[in-house]
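[1] how would this look folded up:
(4 chains)
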2 protein chains.
Amino acid sequence: MTSKTEPMTDDEIHHEIFDAIVEGRLSPGEKLGQDDLGKVFGVSKTRIRPILHRLADQKIVVIEPMRGAFVARPSVEEARTVNAARQIIEEGVIRAATRLAQPRHIRMLRDIVAEEQSARDRRNGARAHRLTGEFHCELARITGNDVVSEMVRELVSRDSLVVALYQRPASSGCSLGGHADLIDKIAAGDENAAAHAMRHHLQDVMDSLDLGGDRRKSQALATAFAHLERPD
Amino acid sequence: MTSKTEPMTDDEIHHEIFDAIVEGRLSPGEKLGQDDLGKVFGVSKTRIRPILHRLADQKIVVIEPMRGAFVARPSVEEARTVNAARQIIEEGVIRAATRLAQPRHIRMLRDIVAEEQSARDRRNGARAHRLTGEFHCELARITGNDVVSEMVRELVSRDSLVVALYQRPASSGCSLGGHADLIDKIAAGDENAAAHAMRHHLQDVMDSLDLGGDRRKSQALATAFAHLERPD
DNA sequence: CTTTATCATATCGTATACGATTATTCTTGC
DNA sequence: GCAAGAATAATCGTATACGATATGATAAAG
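    Numbers count the residues shown, from 1 in each chain, chains lettered A, B, ... in the order given. Presented below is the predicted three-dimensional model:
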């Protein structure tokens, strides 16, 4: 299996690492050694390096020069920025989706929410979280525009790291009603209401996080010890 | 100067090639040989390759396996998709910008339009085109959100290639009124009007292009038979 | 016993070298 | 004379090798 003969393509390796990060198999801050990854996939560093850089472009990996690559640990400020970006971008998306939505799209979205609910009932937080992201991606797909879908996908994946870092222990079911509400507004064809609901939904998600905590002390000592005011 | 001692960073090389493409110094379809670029920047292929892949991720370069990298030559379908994406994304952007715009922002936008007009009067099409893109980027910057700015920047750069390929010879001054109109709507604080104007402005830009023609074919043939004759 | 300086190790970043694939050119047959 | 096939040249993709830099340990000084 993982012994010898694997002509694994770059995209496959990328996708493998990408999923491992977004699905939480790799925790924020974890080191991603080039040689280690090369051994895992049976290739040399030469092919790993560009992939890590690509992941760094997607902001789910951080490369510290001469130190190595690590799973990104988004700062509180970055978390807020990504969420704000989603509020701006996805407002346009849901408006377009509302204009274009057809019955089958509505059904698909409702199916996802149902699965999401089911996963939560089973205490399967990982799956529920994945479906939450998928909901927004499928919503973007209604536009029929691959460029838009890809951008939303990128934003959602970055948000995955944010919730992985800052989610409150017992707050996994907060955004459920939000999605159902969005679907209702879309089904009703009320563009303004849908846009409004989307902004508030995303804001709710952000408010449900435990920002301002000392969660990221280990990462950015600069901010953790900002009160010391060390003169440069 | 360009002889020996240049510790040029990867980002600098990337930015150099990026600008050369967006500003039209490198035409769509042009080959980007790894060894050639390496010689130009005084480094080895090893550092060029990841940069080309990064440009490929940004969709302004195409990498054909075992063939090499070329400046992207977006198809008509891709051109339409990118424009449609801009209509969706930038609607959200201009709505946010309208909510947040302050007098200094309005002045900045007007300055850009003025420069744009000036460049057009001087028949400086290249500069005018660059300022057109900058207008949309600055508009995105009003949101104060780097993620949003970067996304708009990416879309605008892709559109640069589209107009480089499909722009009608004598249609360089079509979108001027559009920008001024957008500013008026923003200054008036009328979010819906601004969003509407943005969609139509981008649609106008698209309509002003010469799609559906055989521009793609003739360009390809032109380069293929460049050594034979000049039909121009 | 703490602190600082030095050394060893491990990992990253880059250049070079080699095999694989494609484009081009030349030859040969029709 | 033209077309098809083979050999050559050029370029891409990958692995290996080497130099540079940061981390951790060890030893010496206070």
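
[2] average model confidence for the host helix or strand of A:Leu131?
    A:Leu131 belongs to helix A:125-141 when assigned by DSSP states H and E. Helix A:125-141 shows a mean pLDDT of 92.

[3] quick one: list the elements packing against that helix.
    Where contact means 3 or more CB pairs under 8 Å, 6 or more residues apart in numbering or on different chains; DSSP states H and E, helix A:125-141 is packed against helix A:76-100, helix A:103-121, helix A:146-166, helix A:176-188. Using the backbone N, CA and C atoms, a C-beta is placed for each residue, glycine as well.

[4] next, the contact list for the residue nearest to A:Ser44 when sequence neighbours are not counted, please.
    Take A:Ser44 and drop its neighbours on the chain: the residue closest to it by CB to CB, 6 or more residues apart in numbering or on different chains is A:Gly38, 5.4 Å away. Counting by CB atoms under 8 Å, 6 or more residues apart in numbering or on different chains, A:Gly38 touches A:Ser44, A:Lys45, A:Arg47, A:Ile48.

[5] name the residues of chain A found near DNA strand C, please.
    Taking CB under 7 Å from any atom of the strand as the contact definition, chain A meets DNA strand C at A:Gly33, A:Gln34, A:Asp35, A:Lys45, A:Thr46, A:Arg49, A:Ile63, A:Pro65, A:Met66, A:Arg67, A:Gly68, A:Ala69.

[6] and the furthest pair within those?
    A:Thr46 and A:Arg67 (19.2 Å; CB to CB).

[7] ok, the one helix or strand the residue nearest to A:Ser44 maps to near DNA strand D or not?
    A:Gly38 is part of helix A:34-41 when elements are defined by DSSP H and E. No. Remark: helix A:34-41 sits outside contact range of DNA strand D, by CB under 7 Å from any atom of the strand, the gap being at least 7.5 Å.

[8] where in chain A is pLDDT low?
    For chain A, the stretches flagged by pLDDT under 70 are A:1-7, A:170-176, A:213-232.

[9] what about 80?
    A:1-7, A:169-177, A:212-232 (pLDDT under 80).

[10] whatever residue of it ends up closest to chain B: what's it in contact with?
    The minimum distance from chain A to chain B, using CB to the nearest CB, falls at A:Gly92 (3.2 Å). By CB under 8 Å, 6+ apart, the residues touching A:Gly92 are B:Ile88, B:Ile89, B:Glu90, B:Glu91, B:Gly92, B:Val93, B:Arg95.

[11] now it, nearest residue through space, not along the chain?
    Per CB to CB, 6+ apart, closest to A:Gly92 is B:Gly92, 3.2 Å.

[12] that neighbour and A:Ala195, how far apart?
    8 Å (CB to CB, to the nearest Å).

[13] with A:Asp111 instead?
    Relative to A:Ala195, A:Asp111 is positioned 23 Å away (CB to CB).

[14] give me the neighbour count for the residue nearest to A:Met108 when sequence neighbours are not counted.
    Of all residues not flanking A:Met108 in the chain, A:Glu138 sits nearest, at 6.1 Å (CB to CB, 6+ apart). For A:Glu138, the count of nearby residues is 18 (other CB atoms under 10 Å in any protein chain shown).

[15] then A:Val148?
    When neighbours are counted by other CB under 10 Å, A:Val148 comes out with 27.

[16] B:Ala85 is in contact with that one, correct?
    Yes. Between A:Val148 and B:Ala85 there is a contact under CB atoms under 8 Å: 4.9 Å.

[17] which of the contacts of A:Gly92 are buried?
    Buried subset of the contacts of A:Gly92 (neighbour count, 16 or more other CB atoms under 10 Å in any protein chain shown): B:Ile88, B:Ile89, B:Glu90, B:Glu91, B:Gly92, B:Val93, B:Arg95.

[18] nearest residue to the third one in space, please, no chain neighbours.
    Read that as B:Glu90. Looking at B:Glu90 with CB to CB, 6+ apart, the closest residue is B:Met198, at 5.5 Å.

[19] other SSEs contacting the host helix or strand of the one you found?
    Secondary-structure assignment from DSSP H and E places B:Met198 in helix B:191-207. The helices and strands touching helix B:191-207, judged by 3+ CB pairs under 8 Å, 6+ apart, are helix B:76-100, helix B:176-188.

[20] just those: most buried one?
    helix B:76-100 (a mean of 22; mean count of other CB atoms under 10 Å in any protein chain shown).

[21] ok, A:Ala56 to A:Arg158 distance?
    Distance from A:Ala56 to A:Arg158, by CB to CB: 12 Å.

[22] what about those two, which has more around it?
    Between A:Ala56 and A:Arg158, counted using other CB under 10 Å, the more crowded position is A:Arg158 (23 against 16).

[23] mind listing what the more buried one touches?
    Applying CB under 8 Å, 6+ apart, the residues near A:Arg158 are A:Gln58, A:Lys59, A:Ile60, A:Pro74, A:Val82.

[24] residues contacting the spatially closest residue to A:Ile183 that is not a sequence neighbour?
    Spatial nearest neighbour of A:Ile183, excluding adjacent residues (CB to CB, 6+ apart): A:Leu109 at 5.0 Å. Shown in contact with A:Leu109 (CB under 8 Å, 6+ apart): A:Phe135, A:Glu138, A:Leu139, A:His179, A:Leu182, A:Ile183, A:Ile186.

[25] now the fourth one: closest residue in space that isn't a chain neighbour?
    Closest residue in space to A:His179, ignoring its immediate chain neighbours: A:Val113 at 5.0 Å, by CB to CB, 6+ apart.

[26] pick out the residue nearest the middle of chain A.
    Closest residue to the average C-alpha location of chain A: A:Ser157 at 2.3 Å, with CA atoms, centre = their mean.
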